[in-house]
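Colleague: From the sequence below, what's the structure:
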Amino acid sequence: MYDSDSLYLGFDLSTQQLKIIVTDEKLAALNTFNIEFDVEYKEKYGIKKGVIVNEEDGTIISPVLMWLDAIDDVFNKMKQESFPFEKVVGISGSCQQHGSVYWSSSAKDLLNGLDDQQSLSEQLKHAFAVDFSPNWQDHSTGKEIKDFEDLIGTEELARRTGSRAHYRFTGLQIRKLATRANPEKYNATWRISLVSSFVASVLLGKVTEIEQADGCGMNLYDVSKQAYDDELLALAAGVHPKLDGVDVNDPKYKKGIEDLKAKLGEINPISYKNIGNISPYFTRKYNFHPECKIYSFTGDNLATILALPLLPNDYLLSLGTSTTVLIITKIYNPSSQYHLFLHPTIPDHYMGMICYCNGSLAREKIRDKINEKYNVKDKSWDKFNEILENCHGFHSKLGIYFPLGEIVPNASAQTKRCVLGENGEIIDVQINEKDTEQANNNFSIEDDVGSIIESQTLSCRLRAGPMLSKSTDSKSPTPQPNGDNLHQKYKQLVSKFKGELYTDGKQQTFESVTARPNRCYYVGGGANNQSIIRKMGSILAPTNGNYKVEISNACALGGAYKASWSHECEDNNKLIGYDKYINRLFETNDDLDKFDVEDKWDEYFDGLGLLARMEDNLKHD
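Modeller: Got it, this is the predicted structure:
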């Protein structure tokens, strides 16, 4: 199994487990090891599904010492199976994004002096000013969201940091700790790590810098300037002039900013270069080679895109209970409705991320109504798919289906159906939701089938378009045929809807409306339904194909691939294009399944307009 002399480890520290995947220099996945937190540590740490929940205030945290136990325990499991640690030449990985770890002043000496005869958790129990890390599910920082967005502005915060304020983001968590949860522990904090740099630090035996791509998820880092934003640091540290009453000329103001900068440390720029050799603790205890290199860890979503040969203008659509769309782009065009991070391996590029709450749940509700009408007894998709496959092009009917309150666009739970008239008039259709017959001249339950797939896909198209505009100078341009005809279609669109279109408060342009992706990859449970992804593919109509992807352990694989790519770059002393490097795997295996679709891209201009107008009138909490 381990014939190669060069092995790579990819970590994935998620909410409920620590997983390590082993690959070789040919990118072959050789083995996987994992520790499930609830199985191993439920009693010891009082966790459930990997976390401790306080229902009263919305706090959701993970014990940091539990993660140290997991590192030792997964390596011990590998040792019991005679894993050849001495062959590992590089380690990288992914960790749950937005979690933060607060080191005490004792951490430096404790990490440097680890004894291989004792466990990590026993030796490092005094290395933390705070024993817990906020989990990405935490929603205890509502006050801090209001503070950040009232003072900075939602769109301005997104412009600077790539995202609006979110409960889980590190800057808000720091402010909560520094101003109201426990200022004493904040003051006792020597350094602050993200979970990704925390794991890398443990492996190195010294605290390392926050990785630049993952650092974009803090609401503290100015993505365009690639530097910390002093105003946001002042806000996080509790010394903001307007909110905290600290005058900019007061020494306390400058000291608060500088102290937080020191706690966060420098940002580690995007690079293939290693951040050091593995700690002697691991060489003595597990027989790692002393020259085994540690490469910067990144966030889990960022690692996911490293598991595929994604090029600029490619989409990765994860179709699960929720829908997540990841986009590789050279354009920094931020919005409060999605996230933009620096790309972890491709210089001067970004990863856009759009997160929809209503994914498969919304589709399943319509499937169930169809099955009820046609007396289908189980949860079969057959009738739904049969109807969907007879939907060819846009038929001037569209619905928005939010059984749960939606993130993008920000709206309360609701269903809205509309019909577009010949002259651009929009007819709001009211239907009794309990009536599966839905006797209405304008809209039927059968219309809901095509309508939900169309609206979900068009929402992605509206929001992804601005990230793709003006991107024809990238390695994979998105050429548009019949340019004059497209200009005419755009003029007709504006005319029909009596003015320019806006999405999330931002104006759509000819470039954004007519931008097409390069390739689309579909993963997750929903991707197993060929009828659904063929329909989505016909609306998105990428210029270089649609692909269904079978890939497991994407985050851990992305980490392992990042390690092997970095190692090869170092061996050659030059940057090797990551997409070219990773493509060697997918040229020869069956993980990418290309499928053909009807290209209906230019038939959905009216659908874009109708959806934009419908969103203008959604209900909000």
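
Colleague: In contact with the residue lying closest to Gly50 once chain neighbours are set aside, which residues?
Modeller: Leaving aside its sequence neighbours, Gly50 sits nearest to Gln16 (CB to CB, 6 or more residues apart in numbering; 4.0 Å). All C-beta spots, glycine's among them, are computed from the backbone N, C-alpha and C. Listed by CB atoms under 8 Å, 6 or more residues apart in numbering, the contact set of Gln16 reads Glu36, Phe37, Asp38, Lys49, Gly50.

Colleague: Pro309 too?
Modeller: Asp579, Ile582, Asn583, Leu585, Phe586.

Colleague: go on, Tyr167?
Modeller: Gly58, Asp138, His139, Ser140, Thr141, Gly142, Ile145.

Colleague: Check what contacts stretch 177-186 and list those residues.
Modeller: Tyr102, Ala129, Val130, Lys143, Ile174, Ala236, Ala237, Gly238, Asp244.

Colleague: swap in stretch 30-37?
Modeller: By CB under 8 Å, 6+ apart, stretch 30-37 touches 1-2, 7, 16-24, 45, 47, 50, 66, 70, 73-74, 77-78, 81, 83, 553, 556.

Colleague: now do 7 Å
Modeller: Residues outside stretch 30-37 that contact it (CB atoms under 7 Å, 6 or more residues apart in numbering) are 1-2, 16-24, 47, 50, 66, 70, 73-74, 77-78, 553.

Colleague: Can you list the buried residues in it?
Modeller: Buried residues in stretch 30-37, counting neighbours by 16 or more other CB atoms under 10 Å, are found at Leu30, Phe33, Asn34, Ile35, Phe37.

Colleague: how far away is Gly205 from Ala127?
Modeller: 12 Å (CB to CB, to the nearest Å).

Colleague: With His487 instead?
Modeller: From His487 to Ala127 the distance is 62 Å (CB to CB).

Colleague: Have a look at the two and say which one is more surrounded.
Modeller: Between His487 and Ala127, counting by other CB atoms under 10 Å, Ala127 is the more crowded of the two (25 against 13).

Colleague: residue contacts, the more buried one?
Modeller: Trp103, Ser104, Ser106, Ala107, Leu110, Leu111.

Colleague: again, but for Tyr350
Modeller: Thr329, Tyr332, Leu340, Phe341, Leu342, His343.

Colleague: Give me the buried stretch members for the strand or helix carrying Lys580, please.
Modeller: Per DSSP states H and E, Lys580 falls inside helix 578-586. By neighbour count on 16+ other CB under 10 Å, the buried set for helix 578-586 is Tyr578, Asp579, Tyr581, Ile582, Leu585, Phe586.

Colleague: Following element in sequence after that helix, please.
Modeller: Next along from helix 578-586, by DSSP H and E: strand 592-595.

Colleague: Distance from the chain centre to that next one, please.
Modeller: Relative to its parent chain, strand 592-595 has a centroid offset of 23 Å by CA atoms, centre = their mean, to the nearest Å.

Colleague: go on, stretch 340-350?
Modeller: Worked out by CA atoms, centre = their mean, stretch 340-350 lies 13 Å from the chain centre.

Colleague: Kindly provide the whole-number mean pLDDT of that stretch.
Modeller: Averaged over stretch 340-350, pLDDT sits at 96.

Colleague: And for stretch 423-435?
Modeller: Mean predicted lDDT for stretch 423-435 stands at 84.

Colleague: hmm, who's touching it?
Modeller: 415, 417-421, 438, 440, 442-443, 496-498, 610, 613.

Colleague: residue ranges for the helices of the stretch 451-600 of the chain, please.
Modeller: 483-496, 510-514, 530-540, 554-572, 578-586 (DSSP state H, counting those that start in this stretch).

Colleague: how about those, which one is nearest Leu302?
Modeller: helix 554-572 (7.8 Å; CB to CB).

Colleague: what stretches of the protein score poorly on pLDDT?
Modeller: 433, 435-441, 469-483, 587-591, 621 (pLDDT under 70).

Colleague: count of neighbours near Lys373?
Modeller: 16.

Colleague: do Asn274 as well
Modeller: Neighbours of Asn274 using other CB under 10 Å come to 19.

Colleague: And the nearest residue in space to it that is not next to it in sequence, how far from His240?
Modeller: Nearest non-adjacent residue to Asn274, counting by CB to CB, 6+ apart: Lys293, 3.9 Å away. Taking CB to CB as the measure, Lys293 falls 41 Å from His240.

Colleague: higher neighbour count, those two?
Modeller: His240 (25 against 21).

Colleague: contacting residues for that one?
Modeller: Leu151, Ala234, Val246.

Colleague: where does the second one fall, phi/psi-wise?
Modeller: Note on Ala234: its backbone torsions stand at phi -60, psi -40 [degrees, to the nearest 10].

Colleague: now the closest residue to it other than its chain neighbours: how far from Gly171?
Modeller: Nearest residue to Ala234 in three dimensions, chain neighbours excluded: His240, at 4.7 Å (CB to CB, 6+ apart). Using CB to CB, His240 is found at 12 Å from Gly171.

Colleague: Asn287 now?
Modeller: 41 Å.

Colleague: Let's see which of the buried residues of stretch 30-37 end up in helices.
Modeller: Judged by DSSP state H, the buried residues of stretch 30-37 include Phe37 as members of helices.

Colleague: Just name the closest of the buried residues of stretch 30-37 to Thr457, please.
Modeller: Nearest member of the buried residues of stretch 30-37 to Thr457, counting by CB to CB, is Asn34, at 34.6 Å.

Colleague: Could you tell me how far stretch 399-409 lies from the centre of the chain?
Modeller: The answer for stretch 399-409 is 19 Å, by CA atoms, centre = their mean.

Colleague: May I have the distance across that stretch, first residue to last?
Modeller: Taking CA to CA, to the nearest Å, stretch 399-409 runs 14 Å from one end to the other.

Colleague: buried stuff in it?
Modeller: Gly399, Ile400, Tyr401, Phe402, Glu406, Ile407, Val408, Pro409.

Colleague: Within the helices and strands, which one has the residue nearest to the last one when sequence neighbours are not counted?
Modeller: Think Pro409. Computed as CB to CB, 6+ apart, the closest residue to Pro409 that is not its neighbour in sequence is Glu615, at 5.2 Å. Applying DSSP H and E as the criterion places Glu615 in helix 605-616.
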